[in-house]
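Novice: Next comes the sequence, and after it the predicted model I'd like to discuss.
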Amino acid sequence: SQIFEESVPKNLSGHNALILGGSAGHHDAARVVLEELGVEDSQRRVFISHKRTDALQMAEQLHDAIAPRWLVPSIDRFDTGSGEKIPSPIADAMEDFAFLLLIESPLAHESPWVFYEVDYAVSHYMGVVILRWPGDPVELPGTLGLPRIQLSDADLVTDHGYQILTDVALARVIEEIELHHAIGLVRRRKNLVTSVKEAALGAGRSVTALRNWRLLLSSDSADPALVGVAPRLPTPQDLHALDK
């Protein structure tokens, strides 16, 4: 930018730069550093799973609070059940996400869609964090041991007949979501790299681990291949980086 060019010696003016300003600028700088280290992702997509009957308002509240934090939230919009193991609408909707936020409200266990979404997230090594309401709601099958953010009665207020988070609780929950998102993203990438490595070794390739979640595959009978993994569907930017 022109501000950067005017603020640094001429031999640095051609570099890309991030202009900082206040605490928000520091937050943005930390985000860029984490992305460069491969801990975070430039597209931090969060899928919000909930039971509409008692958690719709909170899901909307979290959606609006998450969006300004370099996160891309999406709320499930499914209406009917299905006899499939994991219904195709869920698989289609969630394949571009690396992280699931489950609102574990008192009625969440009654939703087959919530169960399918959690099942998909766990079976595909997505990052998961569960926002658990007070009152010991029924724990969904398959969620034992998953990280949970425990809410108390003091964290909730009533709005238009729905329970939502207080401002203080909302700020705390968003901070914890960001922390769990980074942890979940690294876990997902590690599992993807392991899957690629096992498949390559099974095909007779030798494997060399490289930086930025990439593997070099070699063999006597084929040209070397560079493989990278992404925690969601690959973008043109991912392919460009791999090509470079």
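Specialist: Arrived safely, thanks for sending. Numbering: from 1, shown residues only.

Novice: which ones are touching the residue most central in space within the chain?
Specialist: By C-alpha atoms, centre = their mean, the chain has its centre lying nearest to Phe99, at 3.0 Å. Counting by C-beta atoms under 8 Å, 6 or more residues apart in numbering, Phe99 makes contact with Arg44, Arg45, Val46, Phe47, Met126, Gly127, Val128, Val129, His180, His181, Gly184, Leu185. Glycine gets a C-beta too; all of them are placed from N, C-alpha and C.

Novice: Now it: closest residue in space that isn't a chain neighbour?
Specialist: Spatial nearest neighbour of Phe99, chain neighbours left out: Gly127 (4.2 Å); criterion: C-beta to C-beta, 6 or more residues apart in numbering.

Novice: still on that earlier bit, against Ile66, how distant is the residue nearest to the centre of the chain?
Specialist: 11 Å (C-beta to C-beta, to the nearest Å).

Novice: Same check on Ile183?
Specialist: Using C-beta to C-beta, Ile183 is found at 17 Å from Ile66.

Novice: Same check on Trp133?
Specialist: Taken as C-beta to C-beta, the span from Trp133 to Ile66 is 18 Å.

Novice: before we move on, what about Leu144?
Specialist: For Leu144, the distance to Ile66 (C-beta to C-beta) stands at 26 Å.

Novice: Quick check: pLDDT value at the residue of the chain positioned farthest from its centre.
Specialist: Distance from the centre of the chain peaks at Lys10, with 39.6 Å (C-alpha atoms, centre = their mean). For Lys10, the pLDDT comes out at 74.

Novice: Strands of this protein, start to end?
Specialist: Counting by DSSP state E, the chain has strands at residues 44-49, 71-75, 99-104, 127-132, 148-150, 156-159, 162-165, 206-210, 214-218, 225-228.

Novice: Worst mean pLDDT among these?
Specialist: Taking the mean pLDDT of the strands of the chain, strand 71-75 comes last: a mean of 82.

Novice: and for that strand, what are the contacting residues?
Specialist: For strand 71-75, the external contacting residues (C-beta under 8 Å, 6+ apart) are 43-48, 50, 59-60, 62-63, 66-67, 93, 97, 101, 177-178, 181.

Novice: Neighbouring strands of it in the sheet, and parallel or not?
Specialist: strand 44-49 (parallel) (DSSP bridges).

Novice: How far off centre is the strand it pairs with?
Specialist: 6 Å (C-alpha atoms, centre = their mean, to the nearest Å).

Novice: Equivalent analysis for stretch 90-100, please.
Specialist: Relative to its chain's centre, stretch 90-100 lies at 10 Å (C-alpha atoms, centre = their mean).

Novice: again with stretch 95-109
Specialist: Worked out by C-alpha atoms, centre = their mean, stretch 95-109 lies 12 Å from the chain centre.

Novice: That stretch: end-to-end distance?
Specialist: Its start and end residues considered, stretch 95-109 measures 23 Å (C-alpha to C-alpha, to the nearest Å).

Novice: tell me which residues in the helix ranked longest in the chain are buried?
Specialist: When the chain is parsed with DSSP state H, its longest helix is helix 167-202. Residues of helix 167-202 classed as buried under the neighbour-count rule (16 or more other C-beta atoms under 10 Å) are 169-170, 173-174, 177-178, 180-182, 184-189, 192-193, 196-197, 200.
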